[in-house]
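Colleague: coordinates only, sequence not included:
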């Protein structure tokens, strides 16, 4: 059953399993070679990721397959979305997939908004800001596909190393400002300029991801007592007061709050 599942999900074939037999014998020793042992061996052999093995051992292994893509790693998530690194089922092409939680009454409107975002974002170079390249419906869910940016988020870096030096923040600010300028020249807004949406690549490039997705999900700001307070960090006060839409000015305000947090180690107005 495990072999059939691995083949159906395009995760590995019989040759990969044969290569892992000796490893399975070492892991199992005198015990039966349960599926969990095979999964451990495949992870050690780097045929599967630890994330894939965990999902395969769950009650919903089929969720690793999303359309023509196979999930590899979970990159992050919140109340309204989950983001994954994925590869094509029939090749090595990789992308970032975001599964969105959208209420049924706004599903069609959000889908149309995301389709418009994809069309408007096609002329943009994706060097410093990433807009979704495709959006589709899978099993009643909305899924966006974007170029996969390999790197750590500024949020993770701030947690690991503490406050950033001023000269580094200046370089990051200049790069993010240029990215927003490109976006605004094409009459688009990011709408969610926060630390976890900015990645630093191994080449030292600063890239903003998920541009335009939050405004498509919430065209106007909604105050919701069920959300954690840090959801409101970086949101311009005029949006909170009037329930307004994201604008170029609110993007600039969010950038200012982001740079403050890198310098100070905390948001300018903690706890929202």
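Modeller: Sure, I can see it. Treat the numbers as computed from the prediction; the structure is a model and nothing was measured.
Colleague: Contacts for the lengthiest helix in the chain next, please.
Modeller: Criterion DSSP state H: the longest helix present in the chain is helix 166-185. The contact list for helix 166-185 (CB atoms under 8 Å, 6 or more residues apart in numbering) reads 124-125, 128-129, 131, 154, 164, 189-190, 193, 198, 205-208, 211-212, 248, 251-252, 255, 258-259, 262-263. All C-beta atoms are positioned from the backbone trio N, CA, C, and that covers glycine.
Colleague: dump the residue contacts of residue 6.
Modeller: Here residue 6 is in contact with 12-13, 17, 56 (CB under 8 Å, 6+ apart).
Colleague: quick revisit: just checking, next helix/strand downstream of the longest helix of the chain?
Modeller: Downstream of helix 166-185, the first helix or strand assigned by DSSP states H and E is strand 198-200.
Colleague: sorry, back to before: could you pick out which of the contacts of residue 6 are located in helices?
Modeller: Reading helices off the contacts of residue 6 with DSSP H, I get 17, 56.
Colleague: quick one on the thing from earlier: can you tell me which of the contacts of helix 166-185 are buried?
Modeller: Neighbour-count burial (16 or more other CB atoms under 10 Å) is assigned, among the contacts of helix 166-185, to 124, 128-129, 131, 154, 164, 189-190, 193, 198, 206-208, 211-212, 251, 255, 258-259, 262-263.
Colleague: Of these, which belong to helices?
Modeller: Short answer: the buried ones among the contacts of helix 166-185 in helices (DSSP H) are 154, 251, 255, 258-259, 262-263.
Colleague: These into CSV, with extra columns for distance to residue 35 and pLDDT?
Modeller: Putting these into CSV (distance: CB to CB, whole Å; pLDDT from 0 to 100) gives the following:
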residue, distance to residue 35, pLDDT
154, 39, 96
251, 48, 96
255, 48, 97
258, 45, 97
259, 49, 97
262, 45, 97
263, 50, 97
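Colleague: quick one: which two of those residues are the most distant?
Modeller: Greatest spatial distance among these (CB to CB): 251 and 263, at 19.1 Å.
Colleague: Which residue of the chain lies farthest from its centroid?
Modeller: The C-alpha centroid of the chain is most remote from residue 30, which lies 42.1 Å away (CA atoms, centre = their mean).
Colleague: Can you check the pLDDT for it?
Modeller: pLDDT, residue 30: 82.
Colleague: SS state for it?
Modeller: At residue 30 the chain is in coil, as set by DSSP: H, G, I helix; E, B strand; the rest coil.
Colleague: Over to residue 234?
Modeller: Applying three-state DSSP: residue 234 is coil.
Colleague: Could you measure from it over to residue 27?
Modeller: 47 Å (CB to CB, to the nearest Å).
Colleague: Which residue of those two possesses the greater neighbour count?
Modeller: Neighbour count, other CB atoms under 10 Å: between residue 234 and residue 27, residue 234 has more, with 24 against 17.
Colleague: host element of the spatially most central residue of the chain?
Modeller: Centrality entry for the chain: nearest residue to the mean C-alpha point is residue 83, 3.5 Å, by CA atoms, centre = their mean. Element membership for residue 83, per DSSP H and E: strand 81-88.
Colleague: mind listing what's buried in the helix or strand just after that strand?
Modeller: Proceeding N to C from strand 81-88, the next assigned helix or strand is strand 94-100, under DSSP H and E. Residues of strand 94-100 classed as buried: 95-100 (neighbour count, 16+ other CB under 10 Å).
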